[in-house]
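Undergrad: dropping the sequence and predicted coords here.
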Amino acid sequence: MTSVQLTGHRDLRGRSPLSLRRLALTSAMVAAGFAGWLAATVDEQPVASSPRPVTAVVAAPASVGSEAQPPAREFQRSGQIVALSDDTVTMATDGRLTTFRVTPQTTRITVPGAETFAPAQSVVVLGIVRDGVAVATAIADERAVGPDGPPMDYQLPV
């Protein structure tokens with residue numbers, strides 16, 4: 001009987017059992033690697049590339065019982081400073097203006113040698129909504145953070 005081999009298919013008859021085991025082991029390793037990669041890249045919640053919107057939290061009146069107020073929601077914004085005062089900072093992000101309350105507890109991260117922020121400066125603001133007001137918990141110069149910024153452990157005590 002004449003054997004016809006189709007294009008792209010190999011005839012495995014006549015191969016040694018060792019090469020068949022190697023083929024099976026290699027196939028299993030490739031399948032396990034792919035399954036591991038797939039499990040590592042699948043995320044339950046997609047990561048949003050745009051800033052999350054600020055949502056107002058309405059303070060509920062004190063009630064009797066075990067009802068707890070939901071925790072405040074944290075958010076992050078990147079943009080340019082439009083206006084600046086001692087207790088507020090207003091920034092523009094994608095054409096939207098957002099004003100944040102600045103408190104004494106607000107962390108300010110600037111480039112070395114700079115002490116304050118200025119209008120038209122690009123910053124990243126981490127904030128939280130408290131009683132319907134956006135409060136900045138940290139303001140960072142974009143040049144001082146991210147992949148081009150200095151290491152963040154330079155001010156830790158030794």
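TA: Perfect, I can see it now.

Undergrad: what mean pLDDT does the longest strand belonging to the chain get?
TA: For the chain, the longest strand by residue count, based on DSSP state E, is strand 96-109. For strand 96-109, mean pLDDT rounds to 91.

Undergrad: within its sheet, name the partner strands of the following helix or strand past that strand and how each one runs.
TA: As assigned by DSSP states H and E, the chain's next helix or strand after strand 96-109 is strand 122-130. Paired neighbours of strand 122-130 in the sheet (DSSP bridges): strand 74-84 (antiparallel), strand 133-141 (antiparallel).

Undergrad: any buried residues in strand 122-130, and which?
TA: Val123, Val124, Val125, Leu126, Gly127, Ile128, Val129 (16 or more other Cβ atoms under 10 Å). All C-beta atoms are positioned from the backbone trio N, CA, C, and that covers glycine.

Undergrad: okay, and Ser19 sits in which element?
TA: Counting by DSSP H and E, Ser19 is part of helix 17-41.

Undergrad: show me what that helix packs onto, helices and strands only.
TA: Contacting helix 17-41 under the criterion 3 or more Cβ pairs under 8 Å, 6 or more residues apart in numbering; DSSP states H and E is no other helix or strand.

Undergrad: residues in contact with the longest strand of the chain: which ones?
TA: Strand 96-109 has contacts (Cβ atoms under 8 Å, 6 or more residues apart in numbering) with 54, 77, 79, 82-83, 86-91, 116-117, 125, 127, 133-141, 144-145.

Undergrad: who does it pair up with?
TA: Sheet pairing for strand 96-109, assigned by DSSP bridges, gives strand 88-93 (antiparallel), strand 133-141 (parallel).

Undergrad: would you format those strands as CSV with distance to Leu23 included?
TA: Below are those laid out as CSV (distance: least, Cβ to Cβ, whole Å):
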stretch, distance to Leu23
strand 88-93, 55
strand 133-141, 54
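
Undergrad: export those strands to TSV and tack on mean pLDDT, distance to Thr106 and mean neighbour count?
TA: Formatted as TSV, the strands paired with strand 96-109 follow (pLDDT from 0 to 100; distance: least, Cβ to Cβ, whole Å; neighbours: other Cβ atoms under 10 Å):
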stretch	mean pLDDT	distance to Thr106	mean neighbour count
strand 88-93	91	9	18
strand 133-141	91	5	18
